[in-house]
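Visitor: sequence and predicted structure, then a few things I'm wondering about:
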There are 2 protein chains.
Amino acid sequence: MIQETAKIPQATAKRLPLYYRFIQNLHSSGKQRVSSKELSEAVKVDSATIRRDFSYFGALGKKGYGYNVNYLLTFFRKTLDQDETTKVGLIGVGNLGTAFLHYNFLKNNNTKIEVAFDVSPEKIGSDISDVPIYHMDDIEEKLKELNIEVVILTVPAHVAQTITDRLIDADVKGILNFTPARLNVPPAIRIHHIDLAVELQSLVYFLKNYPQDTEMS
Amino acid sequence: MIQETAKIPQATAKRLPLYYRFIQNLHSSGKQRVSSKELSEAVKVDSATIRRDFSYFGALGKKGYGYNVNYLLTFFRKTLDQDETTKVGLIGVGNLGTAFLHYNFLKNNNTKIEVAFDVSPEKIGSDISDVPIYHMDDIEEKLKELNIEVVILTVPAHVAQTITDRLIDADVKGILNFTPARLNVPPAIRIHHIDLAVELQSLVYFLKNYPQDTEMS
């Protein structure tokens, strides 16, 4: 995708979708250019970090002028592959899973939950926000049929590893893990782990130890 | 809190609750010592990073022996202030908010949701997992009464800033923001922002651009 660039740091890559969304909003509102200071205030990332992040992609802006919004939009769309929708599977339709179905990622981003799985008889066969819910037993068959390689895992922690083993059999390549379980997978499979308890503890830790720290996370 | 240490990097601080949880599990299972390799496999953080993280706190381990589990447990408990429970407010009891109430942070961590707020008449006056749900109008009064300074924000994006302004009036110091909105707050208030769409896009981006990368996030 980004043929002209070297490998960028993970921290930078994580901020790209954020930049992209804000630049989309700017473009919608008819704005032609934006300074790194304005960008900084809007996305809550300090402007030195923004300039460093952008520097990995070559010269995107000019000193004293700022960045051209159209150029940025085209650039980020290409970089983030926004012209292609990525199909996603949702594993577990509890409260968190249901929140994902209602969230509707399609509004701002080209990722779309196409199918969901649960074991609850009253959910199987129904759909939420037009996403059909199947039985967990159908994971391998349905994911392969729909050619889905990315899933969001929102199942109870005690079944997380068992289900992950089946996801691997179904040729899943990426898992967004919202369970507290740390999953064992082959090295070729990418897991991003979001542990809600850890996020909360981290916030509390920072409040207690860095009360005057105004750095943005 | 950590009088003997300099300011540690944010990335290190974010991993502390994770280490702490695993060390608790080790301790419960009666294990006396652990190597950085074992720790690495369990928490999915490479062992060089673990050693670097631990080095900020002075000599916690010995070469060829590994780390003493009891010592680590005492150390992390003190560092993360686990002897004191932090009371948390939940703002918005939709699907995501309900998931938080069912999650029950108390099992592993000393953070506890004490009170929740919503505008839905059928929720107000009831409770979920023993947490009472009040009307949003009572935010300032209840948070001050209960001396709560940390909240989880799970409201619709279009009301996020308005409600945040009221949280500031209620003397809230930290906000775990799960809405897609980027919030404007005074510098003294800490916000950790978890944008579910950004997390999903980030995973997809990594899969497309770093397919063979086995580094853990």
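Guide: That came through, no problem.

Visitor: which SS class is the residue located most distally from the centre of chain A?
Guide: In terms of distance from the mean C-alpha position of chain A, A:G64 ranks first, at 32.9 Å (Cα atoms, centre = their mean). Using DSSP: H, G, I helix; E, B strand; the rest coil, the structure places A:G64 in coil.

Visitor: next one, pLDDT for it please.
Guide: The confidence metric pLDDT takes the value 72 at A:G64.

Visitor: now do A:L106
Guide: So, for A:L106, pLDDT stands at 52.

Visitor: now the one 10 residues further on
Guide: According to the predicted model, the pLDDT of A:A116 comes to 97.

Visitor: name the helix or strand for it, please.
Guide: strand A:111-118 (DSSP states H and E).

Visitor: that strand near chain B at all?
Guide: Yes: residues of strand A:111-118 contacting chain B under Cβ under 8 Å from any Cβ of the partner chain: A:T111. C-beta coordinates here come from the backbone N, C-alpha and C atoms, glycine included.

Visitor: identify the residues contacting that strand?
Guide: A:85-94, A:97, A:100-101, A:105-106, A:124, A:128, A:131-136, A:138-139, A:142-143, A:146, A:148, A:150, A:152, B:197, B:200-201, B:204 (Cβ atoms under 8 Å, 6 or more residues apart in numbering or on different chains).

Visitor: tell me the helix or strand right after that strand.
Guide: Downstream of strand A:111-118, the next assigned helix or strand under DSSP H and E is strand A:127-128.

Visitor: output the contacting helices and strands for that next one.
Guide: When contacts are defined as 3 or more Cβ pairs under 8 Å, 6 or more residues apart in numbering or on different chains; DSSP states H and E, strand A:127-128 packs onto helix A:95-103.

Visitor: now do the helix it packs on: distance to the chain's middle.
Guide: Taking Cα atoms, centre = their mean, to the nearest Å, one finds helix A:95-103 lying 15 Å from the centre of the chain it belongs to.

Visitor: same deal with stretch A:27-39?
Guide: Distance, centroid of stretch A:27-39 to centroid of chain: 23 Å (Cα atoms, centre = their mean).

Visitor: straight-line length of that stretch, end to end?
Guide: 13 Å (Cα to Cα, to the nearest Å).

Visitor: contact partners of it?
Guide: By Cβ under 8 Å, 6+ apart, stretch A:27-39 touches A:19, A:22-23, A:26, A:45, A:47, A:50-51, A:54, A:61, A:65-70, A:72-73.

Visitor: please enumerate the helices of chain A.
Guide: Taking DSSP state H, the helices of chain A run over residues A:10-28, A:36-43, A:47-55, A:69-79, A:95-103, A:139-146, A:157-169, A:196-209.

Visitor: which strands and helices lie in contact with the fourth one?
Guide: The reference is to helix A:69-79. Right, helix A:69-79 is packed against helix A:10-28, strand A:33-34 by 3+ Cβ pairs under 8 Å, 6+ apart.

Visitor: relative to A:H27, how far out is the residue farthest from the centre of chain A?
Guide: For A:G64, the distance to A:H27 equals 22 Å [Cβ to Cβ, to the nearest Å].

Visitor: count of neighbours near A:P121?
Guide: By other Cβ atoms under 10 Å in any protein chain shown, 8 other residues sit near A:P121.

Visitor: contacts only, for it.
Guide: Counting by Cβ under 8 Å, 6+ apart, there are no residues that A:P121 touches.

Visitor: mind redoing it with 10 Å?
Guide: A:H135 (Cβ atoms under 10 Å, 6 or more residues apart in numbering or on different chains).

Visitor: if I look at it, how far off is chain B?
Guide: 20 Å (Cβ to the nearest Cβ, to the nearest Å).

Visitor: which pLDDT does the model give that residue?
Guide: Value for A:P121, per-residue pLDDT: 96.

Visitor: repeat for A:K78
Guide: Looking at A:K78, its pLDDT stands at 75.

Visitor: any idea how far chain B is from it?
Guide: 12 Å.

Visitor: number of nearby residues for that residue?
Guide: Around A:K78 there are 12 residues (other Cβ under 10 Å).

Visitor: ok, back up a step: show me which of the contacts of strand A:111-118 are buried.
Guide: A:86, A:88-94, A:97, A:100-101, A:105, A:124, A:128, A:131, A:133-134, A:136, A:139, A:142-143, A:148, A:150, A:152, B:197, B:200-201, B:204 (16 or more other Cβ atoms under 10 Å in any protein chain shown).

Visitor: what's the angle from the strand holding A:A116 to helix A:157-169?
Guide: 120 degrees (axes from the mean of the first three to the mean of the last three Cα atoms, to 10 degrees).

Visitor: quick check: buried residues in strand A:111-118?
Guide: A:111, A:113-118.

Visitor: ok, back up a step: out of the helices of chain A, flag the one nearest B:R182.
Guide: Set against B:R182 and scored by Cβ to Cβ, those come closest in helix A:36-43, at 6.1 Å.

Visitor: that closest one: which residues count as buried?
Guide: A:36, A:38-40, A:42-43.

Visitor: wouldn't A:S55 be in contact with A:P9 here?
Guide: No: in this structure, A:S55 is not within contact of A:P9 by Cβ atoms under 10 Å, at 11.4 Å.

Visitor: what residues are shared contacts of these two?
Guide: With the criterion set as Cβ under 10 Å, 6+ apart, the contacts of A:S55 and A:P9 do not overlap.

Visitor: how many neighbours does A:A48 have?
Guide: 10.

Visitor: residues touching it, list them.
Guide: Neighbour list for A:A48: A:36, A:40 [criterion: Cβ under 10 Å, 6+ apart].

Visitor: lowest-confidence helix or strand of chain A?
Guide: strand A:61-62 (a mean of 68; mean pLDDT, DSSP states H and E).

Visitor: okay but A:P186 is in contact with A:I168, surely?
Guide: Yes: if you go by Cβ under 10 Å, A:P186 and A:I168 touch, sitting 6.8 Å apart.

Visitor: and A:G97, how far from B:T86?
Guide: The value you get for A:G97 to B:T86, if Cβ to Cβ is used, is 27 Å.

Visitor: do the same with A:N25
Guide: A:N25 is 35 Å from B:T86, by Cβ to Cβ.

Visitor: tell me the bridge partners for A:L153.
Guide: A:I91, A:N177 (DSSP bridges).

Visitor: mind checking pLDDT for it?
Guide: For A:L153, the model assigns a pLDDT of 97.

Visitor: do the one 4 residues further on as well
Guide: You'll see A:A157 listed with a pLDDT of 89.
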